[in-house]
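[1] Sharing a model prediction with you, sequence too.
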Amino acid sequence: MALIQSKSAQGIIGVPIPAFAGAATAFRFSHTLSANPSVNDILELACIPANCRVIDVILDSDDLDTNGAPTLAYDVGVMSGDFGVNDAARTCGAEFFAASAASQTGAVARPTIKTAFRTTTTSKDRSIGLKFTAVAATFAAGEIGLTVIVAAA
């Protein structure tokens with residue numbers, strides 16, 4: 001398993017936070033995949049800032065699997081460990097999407113799992129990751145984006 005980090009996870013692009021309690025902030029995190037990931041690879045894509053909870057997420061992706069019978073799939077959820085720490089032992093849940101096929105054709109998706117709307121706040125930044133559960137039959141380079149809407153506690 002490899003950990004792939006977006007520019008936000010690497011600290012190259014900053015993460016906005018709500019200005020005051022009750023305020024909401026939206027930010028689109030993105031990463032361009034240039035090679036087919038392996039099964040169980042995790043893309044650390046986005047951040048849930050400290051003392052914030054997720055209101056909504058919107059997943060968008062280019063067509064990364066150009067085969068007539070595409071297979072690329074991934075879970076999207078909260079990762080273990082600290083945001084931005086490059087540690088291959090980190091894990092990824094499926095609180096937002098389970099077995100998403102959005103990258104098979106290039107699509108936009110909204111969560112249909114109730115856990116997506118029940119995240120709690122913590123005193124530290126947390127990561128949102130994509131764990132690849134199946135690789136592309138015919139990989140094509142492209143971008144995966146996740147717009148995360150958070151509200152301050």
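    Nice, I can see it.
[2] isn't Phe97 right up against Ile113?
    Yes - if you go by CB atoms under 8 Å, Phe97 and Ile113 touch, sitting 7.1 Å apart. Backbone N, C-alpha and C define where each C-beta goes, glycine included.
[3] Between those two, which has more neighbouring residues?
    Phe97 (23 against 14; other CB atoms under 10 Å).
[4] Quick check: phi and psi at the nearest residue to the more buried one once chain neighbours are set aside.
    Leaving aside its sequence neighbours, Phe97 sits nearest to Val76 (CB to CB, 6 or more residues apart in numbering; 4.0 Å). Torsion angles at Val76 (phi, psi; degrees, to the nearest 10) stand at phi -130, psi 120.
[5] how close does the spatially most central residue of the chain get to Ala69?
    For the chain, the residue nearest the mean C-alpha position is Gly129 (4.0 Å; CA atoms, centre = their mean). Using CB to CB, to the nearest Å, Gly129 is found at 26 Å from Ala69.
[6] Ok, Asn51 next?
    Counting by CB to CB, the gap from Asn51 to Ala69 is 45 Å.
[7] where are the low-confidence patches of this structure?
    Along the chain, no part satisfies pLDDT under 70.
[8] Which parts of it are helices?
    For the chain, applying DSSP state H gives no helices.
[9] any idea where the strands of it begin and end?
    Here the chain has its strands, by DSSP state E, at 3-5, 24-33, 42-48, 52-61, 73-78, 97-100, 108-109, 126-134, 142-152.
[10] Cool, thanks, signing off.
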